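Asks: quick one: sequence plus predicted model below, questions after.
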Amino acid sequence: MYNFDEIIDRSHTNAMNTDGFRSYIFHADDTMTFPYKDEEFIRMWVADMEFATPDVIIDAIKERLDKRIFGYTRVFENSYYEVFANWCMKRYGWTFDKNQLVMSNGIIPALFELVDYICKKDEKVLFLTPSYAYFKYAADHNSREYVCSDLINIDGYYTIDFEDLEKKASDEKTTLLIFCNPHNPTGRVWKEDELKKVGEIIEKHNLWVISDEIHCDLLRLNQTHIPLGKVMQDYERMITCMAPSKTFNMAGLMLSHIIIRDESLREIWLNRHYNFDNPLSIAAAQAAYEKGGIWLEELRAYLDENFRFTGEYLSKNLPNAKFKISEATYLAWVDLGAYFDKDEDLPMFFAYEAGVLLEGGNMFVDNSDGFIRLNLACPISMLKGGLKRICEAVNKKHEGTDK
Ligand SMILES: Cc1ncc(COP(=O)(O)O)c(C/N=C2\CONC2=O)c1O
């Protein structure tokens, strides 16, 4: 049994989570002050976990350290591919040809590059909203126009507006769909019928599609991930992005898998990459997929309980909040529209009034006003403290009103 209740001190580790919030959330420098000391904040924002990376991964890194030489390295041994391909087959019933796999030190940098390789200057990038903001930034960074298709929200359960998606996909200048599967921030796990409809639209309009599946292992226990590539087995204009970074809390090791089916696009990528990788990251990733399954199942059970607790706590203490337990990710997407005006800066409110760092609607491109996103990948004691502060701050704001 792993101890997910353990509070781990992350100070002096150059963690984005503890040291990067002023610039990332508030676009401010270190002179920005709050009524709370930095160490007094309860951090529920950036998507990494407060849990120790699995011991099997740490042991693999230590074993590689004992080899004592860290020269130029890339994945040469077939065992790496076999371990990852086996993981995909066992957990998703899907795999891919070894020659389609390239490595990237992150999915964000891969998105930034792929938009440039795929979309001509006057072409557009399409994605669903609310959205992880880096889909927008990948278009902005490359001076490509982006187009959003708003998801339909019915009492906190989000579905794809296929009519709107089709309409936007039919624009001949829209050539790339960035598809988030599972979806951040709504937590949806797209089902086979939904994926088939998306696939039909992609094929009909001959779109390129990047299926960003970074959250695909962080499922509630009753969910199963279906890669888009499994539904579109023969579609060449597809890139699938996966990584151990979210699953095993190793984003700082900067290793992700980009599976590029189209040979000419893969050639462009390889020609632009001096593609060496960090030997410690390779050792970590291989151990994760080879031996991390037991830890992952215990993590999933712990997260399911954190989600259950969150649902109960909010319904008791913030009855007008709308919240559906995410089908995947460790991110809770909570509609506080009943308590705040549309243009309220929610991250600022909760940092000042509750001492909680969280991400808020205006950080998810569009179709997200009045929402907060809470990272639940933390010990239950931390979660209880964060939820208590959040609810007290909202209720204090509304003291004397009927909300
Ligand atoms: C959908 C999605 N794609 C890519 C990434 C980042 O990939 P990387 O470059 O690390 O390989 C994230 C991380 N999501 C984060 C990170 O902090 N807050 C979030 O929502 C993500 O949610």
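Replies: Now that the structure is in, tell me what you want to look at. Remember, it's a predicted structure, so these values are computed and weren't measured experimentally. Numbering: from 1, shown residues only.
Asks: so which residue of this structure comes closest to the ligand?
Replies: Gly106 (3.0 Å; Cβ to the nearest ligand atom). The C-beta positions use only the backbone N, C-alpha and C, and glycine is treated the same way.
Asks: tell me the mean pLDDT for the strand or helix carrying Leu265?
Replies: Using DSSP states H and E, Leu265 sits in helix 263-272. The average of the pLDDT scores along helix 263-272 is 97.
Asks: if you count contacts, what does that helix end up packed against?
Replies: Where contact means 3 or more Cβ pairs under 8 Å, 6 or more residues apart in numbering; DSSP states H and E, helix 263-272 is packed against strand 101-104, helix 107-118, strand 256-260.
Asks: quick one: name whatever helix or strand follows that helix.
Replies: Where DSSP H and E defines the elements, the next helix or strand beyond helix 263-272 is helix 279-291.
Asks: report the buried residues of whatever helix or strand comes next after that next one.
Replies: The first helix or strand that comes after helix 279-291 along the chain, using DSSP H and E, is helix 293-317. Buried residues in helix 293-317, counted by 16 or more other Cβ atoms under 10 Å: 293, 295-296, 298-300, 302-304, 306-307, 310, 313-314.
Asks: again, but for stretch 47-61
Replies: Applying 16+ other Cβ under 10 Å to stretch 47-61 flags 47-51, 53-54, 56-57, 60-61 as buried.
Asks: tilt between the helix holding Leu265 and helix 107-118?
Replies: If you take axes from the mean of the first three to the mean of the last three Cα atoms, to 10 degrees, helix 263-272 sits at 120 degrees to helix 107-118.
Asks: which outside residues touch helix 263-272?
Replies: 99-100, 102, 113-114, 117-118, 239, 258, 260 (Cβ atoms under 8 Å, 6 or more residues apart in numbering).
Asks: could you redo those residues as CSV and give each row neighbour count?
Replies: Conversion of the contacts of helix 263-272 to CSV gives the following (neighbours: other Cβ atoms under 10 Å):
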residue, neighbour count
Asn99, 10
Gln100, 18
Val102, 18
Glu113, 19
Leu114, 26
Tyr117, 16
Ile118, 22
Ile239, 27
Ile258, 24
Ile260, 26
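Asks: residues from the chain in reach of the ligand?
Replies: 46-47, 106-108, 132, 180, 184, 212, 214, 243, 245, 251, 256 (Cβ under 6 Å from any ligand atom).
Asks: would you map the strands across the stretch 101-250 of the chain?
Replies: Using DSSP state E, counting those that start in this stretch, the strands of the stretch 101-250 of the chain run over 101-104, 124-129, 145-150, 152-154, 157-159, 174-180, 208-212, 238-242.
Asks: columns distance to Arg220 and mean pLDDT on top of these, output as JSON lines?
Replies: As requested, the strands of the stretch 101-250 of the chain are exported to JSON lines (distance: least, Cβ to Cβ, whole Å; pLDDT from 0 to 100):
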{"stretch": "strand 101-104", "distance to Arg220": "28", "mean pLDDT": "97"}
{"stretch": "strand 124-129", "distance to Arg220": "20", "mean pLDDT": "98"}
{"stretch": "strand 145-150", "distance to Arg220": "24", "mean pLDDT": "98"}
{"stretch": "strand 152-154", "distance to Arg220": "19", "mean pLDDT": "97"}
{"stretch": "strand 157-159", "distance to Arg220": "14", "mean pLDDT": "98"}
{"stretch": "strand 174-180", "distance to Arg220": "17", "mean pLDDT": "99"}
{"stretch": "strand 208-212", "distance to Arg220": "19", "mean pLDDT": "99"}
{"stretch": "strand 238-242", "distance to Arg220": "19", "mean pLDDT": "98"}
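Asks: mind putting the ones you listed in TSV, distance to His398 included?
Replies: What follows is these, written out as TSV (distance: least, Cβ to Cβ, whole Å):
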stretch	distance to His398
strand 101-104	46
strand 124-129	29
strand 145-150	29
strand 152-154	23
strand 157-159	26
strand 174-180	34
strand 208-212	38
strand 238-242	42
